[in-house]
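Peer 1: Mind looking at a prediction? Sequence and model below.
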Amino acid sequence: MANFFTDNQDLKFHLTHPLMKKIVALKERNFADKDKFDYAPMDFEDAMDSYEQVLEIVGEICGDIVAPNAESVDQEGPKIVNNEVVYARGTQENLDALVKAGLMGITLPRKYEGLNFPIVPYIMAADIVSRADAGFVNIWGLQDCAETINEFADDDQKERFLTRASRGETMAMDLTEPDAGSDLQAVELKATEKDGKWYLNGVKRFITNGDGNIALVLARSEEGTHDGRGLSMFIYDRDHKAVIVRRLENKMGIKGSPTCELVFKDAPAELVGSRKMGLIKYVMALMNGARLGIGAQSVGVSESAYREALAYAEEREQFGKPIIQFPAVYEMLAVMKAKLDASRTLLYETSRYVDVYKTYMHISEERKLEPDERKEMKRYQKLADYFTPLLKGITSEYSNQLAYDAVQIHGGSGFMKDYPVERIYRDARITSIYEGTTQLQVVAAIRGVTTGGYLDRIREYEMMELKPELHSYRRTLIGMTDEYERAVKAVTDVKDNEYVDFHARRLVEMAGNIVMGYLLVLDTQRDDKFRISADIIIKRGKADNHAKAGFIFNSSIDDLGFYKQN
Amino acid sequence: MVKRRIVNSLILIYLSTVNNSLPKIETMGLNVIVLAKQVPDTRNVGKDAMKADGTVNRAALPAIFNPEDLNALEQALRLKDKYPGTTITILTMGPGRAADIIREGLYRGADNGYLLTDRAFAGSDTLATSYALSCALKKMSKIDLIIAGRQAIDGDTAQVGPQVAEKLGLPQVTYAEEVLSAETGKITIRRRLERGVETVEMPLPGVITVNASAPECRPRNAKLLMKFKHARTITERQNEAEDYIDLTADRPYLNIEEWSVNDIETDMNWLGLSGSPTKVKKIENVVFQAKEAKRLTPADEEMDELMKELIANHTIG
């Protein structure tokens, strides 16, 4: 009876952002498909209406099937039977429902039986699924891998594998190994060519949905090499039955998602794109897509944590009144909501950047881009590159904070398995670890600080038109931006990379606070309901940035020695 | 050439030995009609669900696809999955907005639908409803199977399905839970009764009514939704200021057939209020005193079903 799309008006708000007009027109190539496919939209309004109605289906399945299954899936988990993964009963039920509803291959072109939706509605579906069950979104959301095939594989491979993905086959990205986690340059799984065919041998570890039907595998194709330049990307088809699942990890959270150790034994595989580009080009694309996905997962987890906490605080009475009436509790809840709103607006801003640049990229395969289109693609690609690690880093940390606070509001009950927050707390923990830890997101994001990428975008936000009552927020944000600039200068003036790394997280978070402040003010410009969250994020961000700047201004390169002592 | 023919006939022989239980339906499919009703959602009633005079306050309750009719539709869809070539037609009687029910059916895999709508049908009880439906069914081309939900959640009579069968002179199986198989001329059905399960055969054509214990209906399909969302009845096309109304010329599947009393052969005396002997004498507010008992076996599925039921009716959760 529940619908996780229609019961959350914030989703529709983000779906109807003004930039969608451009995104839809690009994605639909001015609605060229309308006479070729009976489910293609006629025009912009028709497309938006389709996104909304399809998201209602997602919301209904999540409210009626996925969320009610989450607890039993967490308890039961997947298992190995005859070297193959068998999902928990609820997981299979969730997957069957989404496949029957045609919700696989959401972003893929119609010629491969996809829905040809932009990234924004796809990420919104991931946001909704994550709220229902953060572990399940991993299995469903690995359809991301199809995007990588669509970008880099040849037409024949696209035809064969993408159609299968659209029909509901699941996917996996087989990257990490026992000795190659964050450092993928160390990948050793061997790819050898024999009579024009490739075979894979070796071990992969920590592979989500490792027994999926179609896997993208990073392997060393160049014998004798030891770095990323010797790695290529392959497609392995499960129908070959040449990989065994040796072990399933027993995890803290997202227990319904099978995390596999895989053994490849002369497994036939197909090369994707060019040799040696595996890590350098394809994995980078794959990871950026996956990081956006983790952003959605983090926001979904935050949504569920907030809702559970709010419901409990309204219902639980102590000292003769509901605990939500105590300042200590209502402050926590208001800050949780503010962080949730900030996470979500950052998620959809980033998704829009990805949408614009990726669609231009696909168009450029069909025809030569006009000079101004080319310029625009580059601009949005840069924005996507800067915002993706910022998004992943901040929203995953926020989801952990929200889950922590949600348990705290539940008190002793939250520590028990009787309430969903206990599971949500465990599920949240992985978001700031996989697809690159927060620390590694900072390594990627610091370029946006040192090159001035964030600052440029912030200055653009500054120029946007605002209602008079929002001008004071802009003044505060301008003050924060000036302070941020001084802090960046103080760090970069030392001209020492380790010193930049030392302060990197502080600087990235300062930029993030300003960006989220502006995005929430711009949301308030469109809908006044975001005003409270804008106010909270800006005031807290100002205090937080001031403390961080203070720390930076009081530190010197000599301090690094103290921290190295342990 | 000759060789090829031999191979083809070998394949045919092979097929007919493997599937000898379902020879012709395999290739032809069934013509299935699903009877569906739009009802006020009485599962989730608030204090304003009833008016002071004891009638249902339809404005306060959302209009939905009657739940057991969805179970019926799922049985039809499974037949279509199993026997390609099967067509599913939704037949519903109601006001103009009941066309929503047909669209909901199309989004799930039904092929087309008929809306039976006319002022002359207003005030129909089960007798007049089943009369009107049977007149409409008589106008349709060869029907193999009519599937309806056991009962609607607004009236809870469970009479319309059986009455339709009687009026058409067709055999009927009530309380159906699953259509197990269909062959030329007959169908095998599992029934769920109060004290057990029964498997029966029925000659075709015939009528079955489906229980809520049958599998739930599949979700709406994204592509079908996008394909059929502009499907409209002629009245809807005339009343709506939408830009997509002229689509039916190129896409005939977007026309939802609308039948008034003039489109079917009827005796007006049997329709609407005049054809409805049922009179409501008095309506009472009944408050449950005794606790309802339900016997469960200690099986996981039964516990699971119970939990789902309790969550669905908001007893817990």
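Peer 2: Thanks, I have the structure now.
Peer 1: In contact with the residue of chain A most remote from its centre, which residues?
Peer 2: Centroid-distance maximum for chain A: A:Gly320 at 42.4 Å, with C-alpha atoms, centre = their mean. Residues near A:Gly320 by C-beta atoms under 8 Å, 6 or more residues apart in numbering or on different chains: none. Every residue, glycine included, has its C-beta placed from N, CA and C.
Peer 1: and it, how far is that from A:Phe326?
Peer 2: Computed as C-beta to C-beta, to the nearest Å, the A:Gly320 to A:Phe326 distance reads 11 Å.
Peer 1: What strand or helix carries B:Thr157?
Peer 2: Using DSSP states H and E, B:Thr157 sits within no helix or strand.
Peer 1: for it, what are its contacts?
Peer 2: B:Thr157 makes contacts with B:Thr126, B:Gln151, as judged by C-beta under 8 Å, 6+ apart.
Peer 1: Alongside chain A, which residues does chain B contribute?
Peer 2: Counting by C-beta under 8 Å from any C-beta of the partner chain, chain B comes close to chain A at B:43-44, B:218-227, B:229, B:243-244, B:251, B:308, B:311-312.
Peer 1: Mind doing that once more with 6 Å?
Peer 2: Applying C-beta under 6 Å from any C-beta of the partner chain, we find that chain B lies next to chain A at B:Arg218, B:Pro219, B:Arg220, B:Asn221, B:Ala222, B:Lys223, B:Leu225, B:Met226, B:Lys227.
Peer 1: Tell me the secondary structure at the second one.
Peer 2: If I follow you right, that is B:Pro219. Recorded secondary structure, B:Pro219: coil (DSSP: H, G, I helix; E, B strand; the rest coil).
Peer 1: what's the one helix or strand A:Val488 maps to in contact with?
Peer 2: Taking DSSP H and E as the definition, A:Val488 sits inside helix A:471-492. Applying C-beta atoms under 6 Å, 6 or more residues apart in numbering or on different chains, the external contacts of helix A:471-492 come out as A:449, A:458, A:500, A:503, A:510, A:514, A:517-518, A:521, A:538, A:542, A:545, A:549, A:552.
Peer 1: what do you get if the cut-off is 7 Å, keeping everything else the same?
Peer 2: With C-beta atoms under 7 Å, 6 or more residues apart in numbering or on different chains as the test, helix A:471-492 has contacts from A:449-450, A:455, A:458, A:462, A:466, A:499-500, A:503, A:507, A:510-511, A:514, A:517-518, A:521, A:534, A:538, A:541-542, A:545-546, A:549, A:552-553.
Peer 1: From those, list the buried ones, please.
Peer 2: Buried members of these, counted by 16 or more other C-beta atoms under 10 Å in any protein chain shown: A:449, A:455, A:458, A:466, A:499-500, A:503, A:507, A:510-511, A:514, A:517-518, A:521, A:534, A:538, A:541-542, A:545, A:549, A:552.
Peer 1: Once you drop chain neighbours, what's closest to the residue of the stretch 351-500 of chain A found nearest chain B?
Peer 2: Scanning the stretch 351-500 of chain A for the residue nearest chain B gives A:Pro420, at 10.8 Å (criterion: C-beta to the nearest C-beta). Closest residue to A:Pro420 apart from its sequence neighbours, by C-beta to C-beta, 6 or more residues apart in numbering or on different chains: A:Glu308 at 5.7 Å.
Peer 1: which residues touch that neighbour?
Peer 2: Applying C-beta under 7 Å, 6+ apart, we find A:Glu308 in contact with A:Ala406, A:Pro420, A:Val421, A:Ile424.
Peer 1: since we're on B:Gly185, how many residues are nearby?
Peer 2: Counted by other C-beta atoms under 10 Å in any protein chain shown, the residues lying close to B:Gly185 total 11.
Peer 1: Next, the contact list for A:Val85, please.
Peer 2: A:Pro78, A:Asp211, A:Val245, A:Pro258, A:Cys260.
Peer 1: Could you measure from the residue nearest to A:Pro420 over to chain B?
Peer 2: 13 Å (C-beta to the nearest C-beta, to the nearest Å).
Peer 1: ok, and for the host helix or strand of that residue, which residues are buried?
Peer 2: Per DSSP H and E, A:Glu308 falls inside helix A:284-315. Under the neighbour-count criterion of 16+ other C-beta under 10 Å, helix A:284-315 has A:285-310, A:312-313 buried.
Peer 1: Now the buried members of the contacts of A:Glu308.
Peer 2: By neighbour count, with 16+ other C-beta under 10 Å, those hold A:Ala406, A:Pro420, A:Val421, A:Ile424 as buried.
Peer 1: Pull the most distant pair out of those residues.
Peer 2: A:Ala406 and A:Pro420 (9.2 Å; C-beta to C-beta).
Peer 1: sorry, back to before: restricted to helices, list the buried ones among the contacts of A:Glu308.
Peer 2: Counting by DSSP state H, the buried ones among the contacts of A:Glu308 place A:Ala406, A:Pro420, A:Val421, A:Ile424 in helices.
Peer 1: before we move on, back to that, per-residue pLDDT of the residue farthest from the centre of chain A, please?
Peer 2: You'll see A:Gly320 listed with a pLDDT of 96.
Peer 1: do A:Glu71 as well
Peer 2: pLDDT, A:Glu71: 97.
Peer 1: repeat for B:Gly96
Peer 2: At B:Gly96, pLDDT is 92.
Peer 1: and if you look at B:Val56?
Peer 2: Listed pLDDT for B:Val56 reads 69.
Peer 1: Around A:Asn250, how many other residues sit close by?
Peer 2: Using other C-beta under 10 Å, A:Asn250 has 8 other residues around it.
Peer 1: ditto for the one 5 residues further on
Peer 2: Neighbourhood size, A:Lys255 [other C-beta under 10 Å]: 21.
Peer 1: Okay, helices next: where are they in the stretch 201-317 of chain B?
Peer 2: Using DSSP state H, counting those that start in this stretch, the helices found in the stretch 201-317 of chain B span residues B:222-228, B:234-239, B:300-312.
Peer 1: among these, which is the most enclosed?
Peer 2: Among those, helix B:222-228 has the highest mean neighbour count (mean count of other C-beta atoms under 10 Å in any protein chain shown), at a mean of 22.
Peer 1: what mean pLDDT would you report for it?
Peer 2: Rounded mean pLDDT across helix B:222-228 is 98.
Peer 1: for stretch B:113-128, same thing?
Peer 2: Averaging pLDDT along stretch B:113-128 yields 91.
Peer 1: And for stretch B:252-267?
Peer 2: For stretch B:252-267, the mean per-residue pLDDT is 93.
Peer 1: Buried residues, stretch A:93-106. List them.
Peer 2: Under the neighbour-count criterion of 16+ other C-beta under 10 Å, stretch A:93-106 has A:93-95, A:97-106 buried.
Peer 1: What's the end-to-end length of it?
Peer 2: End-to-end distance of stretch A:93-106 (C-alpha to C-alpha, to the nearest Å): 19 Å.
Peer 1: For chain A, which residues are neighbours of chain B?
Peer 2: Contacts of chain A with chain B, taken as C-beta under 7 Å from any C-beta of the partner chain, map to A:1, A:38-39, A:42, A:50, A:53-54, A:57, A:60-61, A:68, A:97, A:100-103, A:115.
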